[in-house]
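In: okay, predicted coordinates and the sequence, questions at the end:
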Amino acid sequence: MFRDYWKMLEENWGVEDSEAYWNKVIEDTDAFYRKYETEFSKELALALINELERKAKDEKKL
């Protein structure tokens, strides 16, 4: 699970201001959760989305 999570982090960490980027984030986190279907995998997926949203907001402030 953690290898898959790390790969997802690497692929999505550089926040972009585009619909295509955010669609990919949603698709990737959904696929990650559906692969493991545990409360823990759900929380990890949500944590990534929340962090990327936070980063996007912080970058817009600069």
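Out: Perfect, thanks for sending it. Numbers count the residues shown, from 1 in each chain.
In: so what's Y5 up against?
Out: Contacts for Y5 (CB atoms under 8 Å, 6 or more residues apart in numbering) come out as 32, 44, 48. To be clear about C-beta, it is placed using only N, CA and C from the backbone, and glycine gets the same treatment.
In: the residue nearest to W13 when sequence neighbours are not counted: which element?
Out: Excluding the flanking residues, the one nearest W13 by CB to CB, 6 or more residues apart in numbering is L52, at 7.8 Å. Using DSSP states H and E, L52 sits in helix 39-61.
In: which other helices and strands contact that helix?
Out: Applying 3 or more CB pairs under 8 Å, 6 or more residues apart in numbering; DSSP states H and E, we find helix 39-61 packed against helix 2-12, helix 19-36.
In: list the buried ones in the last one?
Out: To tie it back to what came earlier, the one meant is helix 19-36. 22, 25, 28-29, 32-33 (16 or more other CB atoms under 10 Å).
In: quick one: which of these is nearest W6?
Out: Within the buried residues of helix 19-36, the smallest distance to W6 is 11.0 Å, found for F32 (CB to CB).
In: report the buried residues of the lowest-mean-pLDDT helix or strand in the chain.
Out: Averaged element by element with mean pLDDT, DSSP states H and E, the chain has its least confident helix or strand at helix 39-61 (a mean of 96). Across helix 39-61, burial judged by 16+ other CB under 10 Å covers 41, 44-45, 48-49, 52.
In: I'd like those residues laid out as TSV, including distance to D17.
Out: Shown next, in TSV, are the buried residues of helix 39-61 (distance: CB to CB, whole Å):
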residue	distance to D17
S41	27
L44	24
A45	21
L48	17
I49	16
L52	11
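In: can you show me the CA trace of the least confident helix or strand of the chain as CSV?
Out: Only the C-alpha atoms of helix 39-61 are listed here, as CSV (Å, rounded to 0.1, in the frame of the first residue of the first chain):
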residue,chain,number,x,y,z
GLU,A,39,-10.6,3.2,6.2
PHE,A,40,-6.9,3.8,6.4
SER,A,41,-6.5,4.0,2.6
LYS,A,42,-9.5,6.4,2.5
GLU,A,43,-7.9,8.7,5.0
LEU,A,44,-4.6,8.6,3.2
ALA,A,45,-6.3,9.5,-0.1
LEU,A,46,-8.2,12.4,1.6
ALA,A,47,-5.1,13.6,3.3
LEU,A,48,-3.3,13.9,0.0
ILE,A,49,-6.2,15.8,-1.6
ASN,A,50,-6.3,18.1,1.4
GLU,A,51,-2.6,18.8,1.3
LEU,A,52,-2.6,19.5,-2.5
GLU,A,53,-5.5,21.9,-2.0
ARG,A,54,-3.6,23.7,0.8
LYS,A,55,-0.5,23.9,-1.4
ALA,A,56,-2.5,25.3,-4.3
LYS,A,57,-4.1,28.0,-2.1
ASP,A,58,-0.6,28.9,-0.6
GLU,A,59,0.9,29.2,-4.1
LYS,A,60,-1.9,31.6,-5.2
LYS,A,61,-1.1,33.9,-2.3
